Structures are given as C-alpha cells and as structure tokens.
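Provide a 3D model corresponding to the input given below.
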Amino acid sequence: MPIDSYRFLDFASRQIMKAWAGRQEPGTVPFTPLPKPLRECTVALVSTAGVARNDDRPFDQEGERRNPWWGDSSRSRPPGCRRCRSR
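Numbers count the residues shown, from 1 in each chain. Below you'll find the model as predicted:
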C-alpha cells in the first residue's frame, strides 16, 4: 500500500513539495563511531511521531486537514520533568 505524504495539501502546495523533494540529491548517511561503549553514553530519542499519553489532549486532526501548514504546536510535559521549559 503506497503512502501519500501529500494527501492533505492543496494542489499548488503538493506540486511545490514534490518538485522540491525531486531536486534533493541522494547523499551518504553520516556515521561517527562511538568513542566509548554505549552503556556509558547518554541517549536521547527524537521523533516526529505523535507520541502521546492516554491523558493528553487529542491531536487536532481536523485543524491539520484544514491547514496542513499549521501543525499542532501543543506538547505534553513528561511527568516529573524539571528540565522541560513551559511555553
């Protein structure tokens, strides 16, 4: 099943994004060996996925469909996180 990454974009935005993506040249994947064992490293997980807790406010899918350039700027604050900055 193919995935349509542009399905919520209007026709003009779809054409612009497809043209921009088509101009990208494939490059090499950057790789740097770890200087120490993984168990001694601090690891962070960064994701563009919509990760949410059960008690979080739902993602605004209708707003995203109406205006795909908007994006949902809300974010949840992990429980007990003292380093997270509030907006």
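
List the buried residues of the host helix or strand of Ala19.
Here Ala19 sits within helix 11-23, counting by DSSP states H and E. Neighbour counts over helix 11-23 (16 or more other C-beta atoms under 10 Å) mark Arg14 as buried. All C-beta spots, glycine's among them, are computed from the backbone N, C-alpha and C.

Past that helix, which element shows up next along the chain?
helix 61-66.

Low-confidence stretches in the protein?
50-51, 70-87 (pLDDT under 70).

got the contact list for the residue sitting nearest the centre point of it?
By C-alpha atoms, centre = their mean, the chain has its centre lying nearest to Thr48, at 2.0 Å. Going by C-beta atoms under 8 Å, 6 or more residues apart in numbering, Thr48 touches no other residue.

From Gly63, how far off is it?
Noted for Thr48: a distance of 18 Å to Gly63, by C-beta to C-beta, to the nearest Å.

Next: Phe11.
Applying C-beta to C-beta to Phe11 and Gly63 gives a distance of 20 Å.

who does the helix holding Ala19 touch, helix- and strand-wise?
Helices and strands touching helix 11-23, by 3 or more C-beta pairs under 8 Å, 6 or more residues apart in numbering; DSSP states H and E: there are none.

Just the CA trace of it, in PDB.
Extracted C-alpha coordinates of helix 11-23, given in PDB (Å, rounded to 0.1, in the frame of the first residue of the first chain):
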ATOM      1  CA  PHE A  11      -2.800  21.200  -5.500                       C
ATOM      2  CA  ALA A  12      -0.300  24.000  -5.600                       C
ATOM      3  CA  SER A  13       1.400  23.100  -2.400                       C
ATOM      4  CA  ARG A  14       1.600  19.400  -3.500                       C
ATOM      5  CA  GLN A  15       3.300  20.400  -6.700                       C
ATOM      6  CA  ILE A  16       5.800  22.700  -4.900                       C
ATOM      7  CA  MET A  17       6.700  20.000  -2.300                       C
ATOM      8  CA  LYS A  18       7.000  17.200  -5.000                       C
ATOM      9  CA  ALA A  19       9.300  19.500  -7.100                       C
ATOM     10  CA  TRP A  20      11.400  20.400  -4.000                       C
ATOM     11  CA  ALA A  21      11.700  16.700  -3.000                       C
ATOM     12  CA  GLY A  22      12.700  15.700  -6.500                       C
ATOM     13  CA  ARG A  23      15.600  18.200  -6.500                       C
END
